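Undergrad: sequence unavailable; structure follows:
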């Protein structure tokens with residue numbers, strides 16, 4: 001892996017964490033939205049991350065076609081956004097305008113505490129990758145001054 005690969009890897013991680021932050025904000029925005037129907041109730045969403053594989057062809061011996069060892073990955077990608085299958089909480093509130101025939105209101109399965117922890121984690125991961133890119137940039141600048 002070259003120094004320029006660091007920018008691709010950190011950039012893909014920043015993009016993935018940005019999507020994670022967007023899904024967290026969507027979950028938090030809909031945390032208290034109610035419905036009288038289970039089918040219409042908002043369900044928490046979470047991104048699914050996957051490792052971007054090395055672009056070199058693997059010859060079956062842990063090496064690429066040029067005899068170099070393969071690294072574990074070349075970044076991260078978001079494979080999709082999945083909805084949580086956790087049970088939707090129902091509260092007995094017969095006077096609520098969205099109550100069903102039995103007097104229950106269905107709420108989203110968003111755990112606000114968990115979402116806040118995800119938001120902090122994603123934000124810190126994003127910031128860490130910014131620092132990685134900044135350090136790689138500084139290393140490249142220092143490399144350019146070696147010949148002077």
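TA: That came in fine, so what should we check first? Every value quoted in this text rests on a predicted model; they were computed, and no experiment measured them.
Undergrad: mind checking the SS state of the most centrally placed residue in the chain?
TA: Among the residues of the chain, the one closest to the centroid is residue 20, at 3.3 Å (CA atoms, centre = their mean). Of the three states, residue 20 takes helix according to DSSP: H, G, I helix; E, B strand; the rest coil.
Undergrad: what about it, distance to residue 27?
TA: 11 Å (CB to CB, to the nearest Å). (Glycine included, C-beta is placed from N, CA and C.)
Undergrad: number of residues surrounding residue 34?
TA: The number of residues packed near residue 34 is 17, by other CB atoms under 10 Å.
Undergrad: whoops, residue 132 was the one
TA: Neighbour number of residue 132 under other CB under 10 Å is 17.
Undergrad: for it, which non-adjacent residue is spatially closest?
TA: Of all residues not flanking residue 132 in the chain, residue 10 sits nearest, at 4.6 Å (CB to CB, 6 or more residues apart in numbering).
Undergrad: one more: residue 28?
TA: Leaving out its chain neighbours, the residue that sits closest to residue 28 by CB to CB, 6+ apart is residue 115, at 5.3 Å.
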